[in-house]
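Q: After the sequence you'll find the predicted model.
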Amino acid sequence: MTPRGADILGTWRRHPPDRAGLSSRLRDSEWTHSDRRRRARSELRAAIAQAVVPAWTRFYERYREVRFSKKHATEYLRYAPAVVRRVIDEELFSG
């Protein structure tokens, strides 16, 4: 070990770090980052809903009565606008 390393280690032994303060700062930092992530997800959900739901509602209202084909009719308009909104609000970014 270098003399500087030994000096740092000796200082640490004489004056150990404040573990309670360190864990408190770490916990506060983690909370801040998780709060930022939560807020970013919420804002992203709102932006996605604002862009997707009105467009999907217009499309759904316009084409829900149209018979695309007998064989695959349910494949085109599978989700009502309320379902799309619920999926965006509750299931997007949940996993």
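A: Happy to help now that I have it. Numbering: from 1, shown residues only.
Q: Now tell me what touches stretch 34-42 from outside.
A: Outside stretch 34-42, the residues that touch it by C-beta atoms under 8 Å, 6 or more residues apart in numbering are residue 93. For every residue, glycine as well, the C-beta is placed using N, CA and C.
Q: go on, stretch 54-62?
A: With C-beta under 8 Å, 6+ apart as the test, stretch 54-62 has contacts from 77, 79, 80, 81, 84.
Q: what's the burial count for the third one?
A: Residues within reach of residue 80, counting by other C-beta atoms under 10 Å, total 13.
Q: Roughly how far does it sit from residue 56?
A: To residue 56, residue 80 is 9 Å away according to C-beta to C-beta, to the nearest Å.
Q: do the same with the last one
A: Computed with C-beta to C-beta, the distance linking residue 84 and residue 56 is 5 Å.
Q: And for the first one?
A: Between residue 77 and residue 56 the computed distance is 10 Å (C-beta to C-beta).
Q: okay, those two: which has more neighbours?
A: Between residue 77 and residue 56, residue 56 has the larger neighbour count (other C-beta under 10 Å), namely 18 against 15.
Q: quick one: that one from residue 34, how far?
A: 31 Å.
Q: can you check residue 67 too?
A: 49 Å.
Q: Likewise for residue 45?
A: Residue 45 is 16 Å from residue 34, by C-beta to C-beta.
Q: Contacts only, for the closest residue to residue 63 other than its chain neighbours.
A: Nearest residue to residue 63 in three dimensions, chain neighbours excluded: residue 77, at 6.2 Å (C-beta to C-beta, 6 or more residues apart in numbering). By C-beta under 8 Å, 6+ apart, residue 77 lies in contact with 60, 63, 64.
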